[in-house]
Each structure stands twice: as C-alpha cells, then as structure tokens.
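1. Have a look at this fold, sequence not included:
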DNA sequence: GTCTATGTTCTACTAAAGTCGTATGGCATG
DNA sequence: CATGCCATACGACTTTAGTAGAACATAGAC
C-alpha cells in the first residue's frame, strides 16, 4: 500500500492517490452509514487517518486538533447540527476545511442550499460505494461534487438566508448550543439544567444572541430560524 | 343547481351558462388578479353574484350572509390567511362551500397540501383566462381541478399535519386572529392594541389556544405552526 | 320564559423571560 | 507583565408571559 509521507503537503495536486495519506473526519450519528463511509475510505485510502464523531461538538473538537483535515463528511442531522446550521458553523470556524454533506435527504432545494452555504459536495445516503468514492475523490482534488442530475441546476442562495447564516456564524459555541435548545421550545431553566449552568447565564447568552440576530425575543428567534429550515427528512 | 353545458369552446361566452346564476366570492388582496378573476366570471357567468374581500375576516362575514355560495376563490396569502390556515378555517366554518385556492405559488407540494386540506381546486396565478374558466367550470360541476401536470400525482397529506389542522379548526375567530399575530412574533401588548382589547384578554385567549393545541407556551406554538408553513412565495 | 353552553372580556396573581452590571479566566498584543 | 479583548458565568432587578377565576353577553335547548 505504498509509502507514506509524514510531512503531508498542502497541495493535493502533487499527490497520487496511492501515496497520499489523507486526513478525514466522518461526523454522523447513524452507525450504519458511518461504517459504510469508513469502508469506502479504508478501501481506497488505506493509509489515511479517519476521525469520527456523533455530534457537532465532538466533530469541532477533533477538527481543532487536526486543522489539516482534508475532508469533513458531515451529516445534516445530528445533535447540535440540525439543518444547515452545523455546516454554517463549521465553515465559519474552519474555512479551509472542505465539507461534504451526507444526508438521506435528496431534495433538490436542500442540496442546492447546502452547496450555497459552502459545502464542497453533497452525497445522498442512497449512493453506491462506488459513487461515494467518486465523490470523495473529486472533492479531494479540490472540485465540487453533487449528484449528476443536479450538476447544471445549482442556483445562488437567497440573500436573506445568506444574511442570517452570517449572523449565526458570529455566535460563540455556547451561544449556539443555547440557541439549539431555544429553537426546540425549551425553557431557560431546562436549558440551564441540560448545560449544567444557571438559568441566569442562559438568559445572558440569550440576550447576546438576540443582539447578534437583531431581534428582541425568543419567539422571533424561532420564526427567523424556521425560515431557514429544510424539508423534513423521511424517517428511515 | 348546476350547469348543463359540457361543450367548451374558445368563444362560448353566451351559452347555457348565462342561464345559471351562480354565487361567487373572490378573496384576494391583490387588486390586479382579483379583477382578472372578475373578468372571467362576468364574461362566462354574467348573471352571477360576486362578493369580494381583501382579508379573511371580510370573506367570512360575506359567506355567513350568503351560505349558498357556489364557489369561494381564496388567495393563499392575505391578511388573516397565511399559508393553509385560511383554507382550514373556511373549510371548518363552511364545509359545504367549495373552495378554490388561487396563488402565485406553483410549488407541487403546496398544491398537493392545499388539495389535501379540502380545496376543490388550485389555480396558479400564471394561468390564462381560458384556463381559469376551465377550472371554475369544472369545480362548479362538483369536480376537482388542478394544473394538468399534477393531475395524477396528488398524494395524501401527512397525518401529523392533519391533526394540527383539526386543532386549528377548533379555534374561535378571535383566538385565530390572536394566533396570527403571535405567529409573527408580536408581544401580547401589541396584539391587544391592534385588536382594540386589553393585554389581559389577549393572555386569556392565548392560554385557551395553548390548551387546544396541546402546548404550554408561545415558542412551541411558533414551532408547531412553522411545521405547517409553505415555501415562501416569490414576491411579485 | 329559564337554563345551559360558549365566546369574550377583565382583575389579580404566579412564573418565565429578558436586561444590566459585574467578575473571572484565557489569550493574544505590545 | 501589563493591557485589552472576549467568552463565560452569575445575581438583582424589570418586563412580559401565562393561569385562575369570575362577570357579562349571546344563542340554542327545553
């Protein structure tokens, strides 16, 4: 399986596939599909390093340790990463790391918006291993990849949605966590218990969130975020 | 009642339709399109009576006076009738009156759900006068009408959405009005001012709404309703 | 007519939300 | 190492949200 180079180059173009040691991270809370991805990676990039996580926080911690990750494969729906928000946060924190979305949701609008928010690819979970490999290979070369039928139909994302994404991206990690619970209709007291801090602190975070989003109460926050939500997935 | 002429031609204007006197109501806050509909009706059903309104409350008042209305043409988006909620309320209050949705929104999912919530037809605003006539004619005969391309692809509405619609339908008119403002992120004080009653009364209504919807606070209400919202229309 | 049932309205109360000021610790810059 | 910046955390206060209970009106039912 070839020799490996410790000193990984910054430029993928130099590296032939067999000789390259890539650094992947697979973030998906669904074990079956995570394994499917791992199979593909191990088969085609046996010398690569693969981080794994089941929620957004773990993924971010791992990326912080490995800031040279070559490709993040991110599920659209896992704890802390509903809809496009996880993608937005990761793109903000690690602009240089390419992010491929993997999701059961094959809706054209969803794929289009994921790409518009900075994903370098979108892999529907129904794809064959061969297709998954094609996609990963393409993205490691610095190109974008979407399912064939959408190749020529990508359109720019609504500017209002872009604005909102930019505001979300300014939230601190803790603020973002609080917002995730707020969005689900939790009370401040409940959020505080969940995060292990007092209700007073939750309120402080929430006030800060409102300022950043340009709103004045939680109801408006939910309204604002719901405008950015995607179609519901099919429960599999 | 009923029309006896099934022969449709391009200049059929004065055939046996002229002998029947239908009762229409056109509810649309966009004057241009309201007039377009009126043109079609006056041309093909010159003896008919046509009520008009620019918001849901006026429409309902008119329907109460004319409980034998043969067809209500309802815009999806006007004051008091965002998304499918207006349709749901009207179908609950007047189950015997056929409702045709007219809207600029031509999304298949939107059309499908409107039909699933009891509309007898869906007329995209891009339709020609001739097509509008075809649609109205079909619906007056008791048949349903949707754009050709969707004729065979209507699917049942999600049961959860049906449940929610049933709950919404139990709201009193005033409760529904309050809910419309709540949904937009207004404060109780503001809603009270708008409706000309005290904040205390708004609160009482809101508590009643929560009970009917099976929730405990306004944030959950917004979340619940947002699951039922449609794709945003293009602003024309 | 009386008697229910229901919608609307309100007062008085409790609970939750939201703001302000402040303190601490990490971390980068000069 | 001193300084400033910022994320995080908390307590005290004010404002808004939400509940309980009752008064009043109206429409049917008996």
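-> Structure's in. What do you need? Model, not experiment: these values are computed from the prediction. Numbering: from 1, shown residues only, chains lettered A, B, ... in the order given.
2. alpha carbons only for contacts and neighbour counts from here, please
-> OK.
3. any idea which element the residue nearest to residue A:198 when sequence neighbours are not counted lies in?
-> Excluding the flanking residues, the one nearest residue A:198 by CA to CA, 6 or more residues apart in numbering or on different chains is residue A:192, at 5.2 Å. Applying DSSP states H and E as the criterion places residue A:192 in helix A:188-195.
4. What residues of that helix count as buried?
-> Buried positions in helix A:188-195, judged by neighbour count with 16 or more other CA atoms under 10 Å in any protein chain shown: A:188, A:191-192.
5. ok, back up a step: quick one: the residue nearest to residue A:198 from chain B, how far?
-> Between residue A:192 and chain B the distance is 17 Å, computed by CA to the nearest CA, to the nearest Å.
6. What is the nearest of the buried residues of helix A:188-195 to DNA strand D?
-> residue A:192 (7.6 Å; CA to the nearest atom of the strand).
7. Return the residues in contact with that closest one.
-> Residues in contact with residue A:192 (CA atoms under 8 Å, 6 or more residues apart in numbering or on different chains) are A:198-199, A:201-202.
8. which among the residues you listed end up buried?
-> Those of the contacts of residue A:192 that meet the buried threshold are A:199, A:202, by 16+ other CA under 10 Å.
9. Pipe the contacts of residue A:192 into JSON lines and attach secondary structure per row.
-> Below are the contacts of residue A:192 laid out as JSON lines (DSSP: H, G, I helix; E, B strand; the rest coil):
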{"residue": "A:198", "secondary structure": "coil"}
{"residue": "A:199", "secondary structure": "helix"}
{"residue": "A:201", "secondary structure": "helix"}
{"residue": "A:202", "secondary structure": "helix"}
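10. If we check DNA strand D, which of the contacts of residue A:192 are in contact?
-> Near DNA strand D, judged by CA under 7 Å from any atom of the strand, the entries from these are A:198-199, A:201.
11. I'd like those written out as TSV, with pLDDT and distance to DNA strand C added.
-> Compiled in TSV, those are given as follows (pLDDT from 0 to 100; distance: CA to the nearest atom of the strand, whole Å):
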residue	pLDDT	distance to DNA strand C
A:198	95	11
A:199	95	8
A:201	96	7
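12. Pick out whichever of those sits closest to residue A:142.
-> Taking CA to CA as the measure, residue A:201 is the one of these closest to residue A:142, at 42.4 Å.
13. For the closest one, give its distance to residue A:189.
-> Distance, residue A:201 to residue A:189, using CA to CA, to the nearest Å: 10 Å.
14. Next, count neighbours for residue A:84.
-> Applying other CA atoms under 10 Å in any protein chain shown, we find 21 residues neighbouring residue A:84.
15. what does residue A:226 give?
-> Per other CA under 10 Å, the neighbour tally for residue A:226 reads 17.
16. Could you do the one 3 residues further on as well?
-> Counted by other CA under 10 Å, the residues lying close to residue A:229 total 15.
17. How about the contacts made by it?
-> Residue A:229 neighbours (CA under 8 Å, 6+ apart): A:83-84.
18. so how far is residue A:60 from it?
-> Residue A:229 is 22 Å from residue A:60, by CA to CA.
19. do the same with residue A:132
-> Separation of residue A:132 from residue A:60 (CA to CA): 23 Å.
20. cool, residue A:219 as well?
-> Counting by CA to CA, the gap from residue A:219 to residue A:60 is 29 Å.
21. before we move on, what about residue A:164?
-> To residue A:60, residue A:164 is 21 Å away according to CA to CA.
22. out of those two, which sits in the busier spot?
-> residue A:60 (19 against 16).
23. The residue lying closest to that one once chain neighbours are set aside in helix, strand or coil?
-> Of all residues not flanking residue A:60 in the chain, residue A:90 sits nearest, at 7.3 Å (CA to CA, 6+ apart). Secondary structure assignment for residue A:90 (three-state DSSP): helix.
24. can you count the residues close to residue A:90?
-> For residue A:90, the count of nearby residues is 24 (other CA under 10 Å).
25. Can you give me the neighbour number for residue A:26?
-> By the criterion of other CA under 10 Å, residue A:26 has 23 neighbours.
26. on contacts alone, who are the packing partners of the one helix or strand it maps to?
-> Following DSSP H and E, one finds residue A:26 within strand A:23-27. For strand A:23-27, the packing partners by 3 or more CA pairs under 8 Å, 6 or more residues apart in numbering or on different chains; DSSP states H and E come out as helix A:31-44, strand A:49-53, helix A:56-65, strand A:71-75.
27. weakest of those in terms of mean pLDDT?
-> Lowest mean pLDDT within the helices and strands packed on strand A:23-27: helix A:56-65, at a mean of 84.
28. Close to chain B: what parts of chain A are there?
-> A:183-185, A:217-220, A:222-223, A:226 (CA under 8 Å from any CA of the partner chain).
29. Buried ones only from those, please, as a PyMOL command.
-> Buried residues among the residues of chain A next to chain B (16+ other CA under 10 Å), as a PyMOL selection:
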select buried, chain A and resi 183+185+217+218+219+220+222+223+226
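30. Also near DNA strand C: which of the residues of chain A next to chain B, exactly?
-> Among the residues of chain A next to chain B, proximity to DNA strand C is found for A:217-219 (CA under 7 Å from any atom of the strand).
31. which helices and strands does the worst-scoring helix or strand of chain A on mean pLDDT pack with?
-> Using mean pLDDT, DSSP states H and E, helix A:56-65 stands out as the lowest-scoring helix or strand of chain A, at a mean of 84. Contacting helix A:56-65 under the criterion 3+ CA pairs under 8 Å, 6+ apart are the following elements: strand A:23-27, strand A:49-53.
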